[in-house]
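Colleague: I would like to see how this sequence folds:
(one chain, ligands or ions: 1)
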Amino acid sequence: MDLIFKCPQCDQELEVDASGAGSEITCPACSQTITVPNPEPANIVNIPTPPLPLPPAPKEGKHFVVPVHDKPADELIQKASKPLDVAAKEGDKKLRIKTFKHTDCQEVGKDRFDEIISAFLDKVGQANIVSINPINYSYVEMVGHHVVTDYGILVVYRG
Ligand SMILES: [Zn+2]
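Modeller: Numbering: from 1, shown residues only. As a prediction, the model looks like this:
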């Protein structure tokens with residue numbers, strides 16, 4: 001607890017510990033010897049007052065934490081329901097795969113690989129195509145019995 005008073009000589013505002021009330025001090029501003037006044041409500045600075053509002057603050061903080069936890073829980077329930085609705089609407093369509101081997105798309109003198117896959121993708125529809133994955137496979141050539149590595153495509157789609 002401090003006393004705040006004004007020097008009677010120079011009007012300088014001074015702050016002195018309350019234990020110094022009634023004692024004589026030298027004013028740091030005018031160097032005159034002055035007497036520290038007795039504590040009065042008007043000139044008492046209650047030092048413990050500022051820290052007091054701080055302890056209730058954590059309690060308020062805890063009260064705020066409760067609604068913060070409630071809100072995400074509600075949001076999670078709402079968010080979870082949306083994917084379920086989507087799954088229900090697409091429930092009639094199953095996830096399927098279609099594998100295209102390059103060699104299966106050969107006609108005499110013609111390579112129809114791109115043409116066949118383009119036609120398939122167009123039939124399935126862009127919205128139903130989950131992924132298109134390149135594949136490699138090996139087979140033994142009919143003529144010459146060489147092991148040949150060729151390529152193909154694996155399409156994952158809903159249909
Ligand atoms: Zn003074």
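Colleague: quick one: residue 153 and residue 100 touch, right?
Modeller: Yes. Between residue 153 and residue 100 there is a contact under CB atoms under 8 Å: 4.8 Å. All C-beta spots, glycine's among them, are computed from the backbone N, C-alpha and C.
Colleague: shared neighbours of these two, anything?
Modeller: Both residue 153 and residue 100 are contacted by residue 117, under the criterion CB atoms under 8 Å, 6 or more residues apart in numbering.
Colleague: Output the below-cut-off pLDDT ranges for the protein.
Modeller: Scanning the chain for pLDDT under 70 picks out 42-91.
Colleague: separation between residue 18 and residue 40?
Modeller: Using CB to CB, to the nearest Å, one obtains 11 Å as the distance from residue 18 to residue 40.
Colleague: Of these two, give the one with the bigger neighbour count.
Modeller: residue 18 (16 against 10; other CB atoms under 10 Å).
Colleague: Check the burial of the residue lying closest to that one once chain neighbours are set aside by counting its neighbours.
Modeller: Leaving aside its sequence neighbours, residue 18 sits nearest to residue 1 (CB to CB, 6 or more residues apart in numbering; 4.3 Å). Neighbourhood size, residue 1 [other CB under 10 Å]: 12.
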